[in-house]
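J.: sequence? don't have it. structure:
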C-alpha cells in the first residue's frame with residue numbers, strides 16, 4: 001500500500017543534472033596525465049622478452065578523460081554520473097579483451113592495495129586481490145583478530161596506518177556508515193566493500209556491467225529483485241544506480257523484509273516505475289533480469305524470526321519455464337538455498353559469469369582511482 005501511494009504521486013522526471021554529486025566522489029580533483037604523454041608512452045619501444053607488457057594502455061577517448069576518479073573515495077552510488085559509468089565500463093571491456101588475448105598488463109606495477117575486511121568475504125575480497133595482481137600491483141591485508149584492534153586501537157587509526165603503506169584501501173565493516181567515517185581520516189582513496197545494511201557500490205557497478213554484457217542494453221528492461229530487500233545492501237545500491245537508466249523495478253520479498261522506504265522514495269523521485277509482488281511466479285513473465293538474494297541470517301537478532309522467512313523464495317527449473325528465453329538470473333552470492341543448483345546448467349543462469357565480470361569492473365575502478373590505464 002505504501003508503494004502504491006508513492007507511485008500515485010507525481011514523479012519527477014529522471015535527469016542526470018538533478019542527481020546529487022558529492023557523496024560518492026569526495027576530495028579535491030587530482031591533475032590527470034595529458035593524453036599526449038600517454039600516447040608517447042604507448043609508442044615507446046619496450047625491451048625484454050616477447051611477452052607483451054602493457055605499461056600504459058589507452059582505453060578512453062579524450063572526452064572521457066575528465067571522468068576519471070583519481071584520488072576519490074568510492075562510498076555510495078548516489079553521486080556517480082552516466083559519463084563516469086560509461087568510462088568505467090569502457091575500460092572494463094578493454095581490460096577483458098586484453099586478458100582474453102593473454103596479454104600481461106602491468107599498469108599498476110609499484111602500486112599497493114590494502115584489504116581491510118571486518119566481515120567475512122569471498123568474492124569481493126578475492127576479486128579485488130585478483131584485480132590488483134592482474135594489473136601488476138600487490139596487495140596487503142589485515143585480519144581484525146590479529147591486528148592492534150584487539151588492543152583497543154580505533155578503526156580510524158587503523159585506516160590511517162594502512163594509508164601509509166598503500167595507494168588504495170578496500171574496506172568492509174558491519175556497521176552502516178563506518179566506511180564513511182574511516183574515509184574522513186584517510187589520505188588514500190577508500191572503496192566501500194559493504195557497510196552493514198548500507199551500500200555495496202562496487203557490486204552495483206558490476207551488476208549493471210553484467211546486464212550490459214549479457215543483454216546488450218540496460219534501457220527499457222524490467223529488473224525484479226527477490227529476497228531480503230530490507231537488509232540487502234546489494235539491492236539498495238543497485239536500485240539507486242539503475243535510476244541512471246530507463247528501467248522498471250519489481251520487488252518480491254517477505255512482508256517483513258521489504259525494500260526500505262528511503263530507497264523507494266529515491267527511485268520514485270527519479271521517475272522509475274516500481275511494483276511489489278507476493279511471489280516470483282507473478283513477476284516472472286515481465287522480467288528481463290531476475291536478481292535473487294539470500295535471506296541474511298546475520299542481520300536477525302532473533303533466530304526464530306529468521307527461520308520463519310528462511311526458504312521463503314526458491315527458484316527452480318520448473319519456474320523458469322514461465323520466464324523469457326533471454327531473461328538472465330543474477331545473484332550477488334553467497335547462495336544458501338534460494339536458487340536450486342539444478343538452475344546452474346540453464347544458459348540464463350548468469351551468476352558465475354557475473355563474478356568474472358566483477359573482476360574486470362574492479363580492475364577498471366582501480367585504474368580510474370590511480371589514473372593508470
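T.: That came in fine, so what should we check first? As the structure is a computational prediction, the values presented were derived from the model and not from experiment.

J.: Now for the nearest residue to residue 75 once chain neighbours are set aside, which secondary structure element holds it?
T.: In this structure, residue 75 finds its nearest non-sequential neighbour in residue 192, 4.8 Å apart by Cβ to Cβ, 6 or more residues apart in numbering. Just so you know, the C-beta spots here come from the backbone N, C-alpha and C atoms, and that holds for glycine as well. Element membership for residue 192, per DSSP states H and E: strand 190-195.

J.: Give me the mean pLDDT for that strand.
T.: Average pLDDT, strand 190-195: 96.

J.: again with stretch 352-366
T.: Here the average pLDDT along stretch 352-366 is 98.

J.: residues of that stretch that come out buried?
T.: 354-366 (16 or more other Cβ atoms under 10 Å).

J.: nearest to residue 75, of these?
T.: residue 365 (12.8 Å; Cβ to Cβ).

J.: Isn't the closest one up against residue 204?
T.: No: with contact defined as Cβ atoms under 8 Å, residue 365 does not reach residue 204; the gap is 11.8 Å.

J.: ok, back up a step: using JSON lines, lay out the buried residues of stretch 352-366 together with distance to residue 96.
T.: Below are the buried residues of stretch 352-366 laid out as JSON lines (distance: Cβ to Cβ, whole Å):
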{"residue": "354", "distance to residue 96": "13"}
{"residue": "355", "distance to residue 96": "13"}
{"residue": "356", "distance to residue 96": "9"}
{"residue": "357", "distance to residue 96": "8"}
{"residue": "358", "distance to residue 96": "11"}
{"residue": "359", "distance to residue 96": "9"}
{"residue": "360", "distance to residue 96": "5"}
{"residue": "361", "distance to residue 96": "9"}
{"residue": "362", "distance to residue 96": "12"}
{"residue": "363", "distance to residue 96": "9"}
{"residue": "364", "distance to residue 96": "9"}
{"residue": "365", "distance to residue 96": "14"}
{"residue": "366", "distance to residue 96": "14"}
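
J.: Which of the residues you listed fall in strands?
T.: Members of the buried residues of stretch 352-366 lying in strands (criterion: DSSP state E): none.

J.: quick one: which of those is nearest residue 243?
T.: residue 361 (18.9 Å).

J.: could you check the distance from the closest one over to residue 354?
T.: 10 Å (Cβ to Cβ, to the nearest Å).

J.: Overlap of the contact sets of those two?
T.: By Cβ atoms under 8 Å, 6 or more residues apart in numbering, residue 361 and residue 354 have these common neighbours: residue 206.

J.: In the stretch 1-150 of the chain, mark out all the helices, start to finish.
T.: 2-8, 35-42, 82-100, 123-134 (DSSP state H, counting those that start in this stretch).

J.: which one of those helices has the lowest average pLDDT?
T.: helix 35-42 (a mean of 36).

J.: Please verify my assumption that residue 195 contacts residue 182.
T.: No: contact criterion Cβ under 8 Å: residue 195 and residue 182 do not qualify, at 9.5 Å.

J.: So for those two, which residues contact both of them?
T.: Shared contacts of residue 195 and residue 182 (Cβ under 8 Å, 6+ apart): residue 173.

J.: Any idea how many residues pack against the closest residue to residue 323 other than its chain neighbours?
T.: Nearest residue to residue 323, sequence neighbours excluded (Cβ to Cβ, 6+ apart): residue 284, at 5.1 Å. When neighbours are counted by other Cβ atoms under 10 Å, residue 284 registers 22.

J.: can you pull the contacts of residue 284?
T.: So residue 284 contacts 224, 290, 319, 322, 323 (Cβ under 8 Å, 6+ apart).

J.: sorry, back to before: residues touching the strand holding residue 192, excluding its own?
T.: Outside strand 190-195, the residues that reach it (Cβ under 8 Å, 6+ apart) are 73-76, 117, 119, 121, 124-125, 128, 159, 168-180, 182-183, 198-203, 233, 365, 369.
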